[in-house]
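**Student:** Next come a sequence and a model predicted from it.
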Amino acid sequence: MNISDVIIHINEPLGEEARHALENALRKVDGVVSPGFNPGKAHLLVVAYDTEKTSTAVLLEKTRAAGYTAQLVGM
């Protein structure tokens, strides 16, 4: 197991319910360990994941498939 993390910037404003729904959707991706939004920065989603099971491209696509305009931070 090789754990890494990525920050996904989401352009749209998300309420609490939308944030929880997106976190839950990402938890279903094989290899995702812990998705979560930074307190006070509801547009930044930090996802810890196993690099042997998934990739940043998969995580970004899952976020976009949920209807959000998003990009990876620092890539």
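**Tutor:** Cool, got the structure. Residues are numbered from 1 along each chain as shown.
**Student:** C-alpha only now, for contacts and for neighbours.
**Tutor:** Noted.
**Student:** Look up how far Lys62 lies from Gly16.
**Tutor:** Wrong residue type there; residue 16 is Glu, not Gly. 19 Å (C-alpha to C-alpha, to the nearest Å).
**Student:** Neighbour count: these two, which is higher?
**Tutor:** Lys62 (16 against 9; other C-alpha atoms under 10 Å).
**Student:** Pull the residues that contact the longest strand that the chain contains.
**Tutor:** With secondary structure taken from DSSP state E, the chain has its longest strand at strand 41-50. Among residues not part of strand 41-50, those counted as contacts by C-alpha atoms under 8 Å, 6 or more residues apart in numbering are 1-14, 19, 31-38, 55.
**Student:** Report the residue spans of the chain with pLDDT below the cut-off.
**Tutor:** Scanning the chain for pLDDT under 70 picks out 75.
**Student:** mind redoing it with 90?
**Tutor:** Within the chain, the stretches with pLDDT under 90 are 1, 38-40, 42, 74-75.
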